[in-house]
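Visitor: When you get a sec, could you give me coordinates for this:
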Amino acid sequence: MSGSGGTFVMVATYPDEATAQQDYQVVKDAHATGLVGSYDAAVVTKDASGKVHENKDEKATRHGAWWGVAGARA
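Guide: Residues are numbered from 1 along each chain as shown. Down below sits the predicted model:
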């Protein structure tokens, strides 16, 4: 999709952070192999006290755009 000039948005919830991190790694791997040209992805969690934490990675736009968001419930 990196050469198509299109945009793809993915929002998902997961039963735990580990599962969300697995999908997040798929995005990184897709970028590393050239399948995804650029992306903005994050795993967002909330701890037991209600504090929100964000693990985010951005790659500058090269050919089109690709964004993904993955969330995990705590």
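Visitor: where do the strands sit along the protein?
Guide: Ranges of strands within the chain are 9-14, 40-46, 52-58, 67-72, based on DSSP state E.
Visitor: would you list these in a markdown table and tack on mean pLDDT, mean neighbour count and distance to Ala30?
Guide: To be clear about C-beta, it is placed using only N, CA and C from the backbone, and glycine gets the same treatment. Putting the strands of the chain into a markdown table (pLDDT from 0 to 100; neighbours: other CB atoms under 10 Å; distance: least, CB to CB, whole Å) gives the following:
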| stretch | mean pLDDT | mean neighbour count | distance to Ala30 |
| --- | --- | --- | --- |
| strand 9-14 | 85 | 12 | 12 |
| strand 40-46 | 86 | 18 | 10 |
| strand 52-58 | 81 | 12 | 12 |
| strand 67-72 | 48 | 19 | 9 |
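Visitor: Nearest to Lys28, out of these?
Guide: Among these, strand 52-58 comes nearest to Lys28, with 6.8 Å by CB to CB.
Visitor: Which strands and helices lie in contact with that closest one?
Guide: helix 17-32, strand 40-46 (3 or more CB pairs under 8 Å, 6 or more residues apart in numbering; DSSP states H and E).
Visitor: rewinding a little: please convert the strands of the chain to TSV, extending it with distance to Asp29.
Guide: Below are these laid out as TSV (distance: least, CB to CB, whole Å):
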stretch	distance to Asp29
strand 9-14	15
strand 40-46	12
strand 52-58	12
strand 67-72	12
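Visitor: Okay then, goodbye and thanks.
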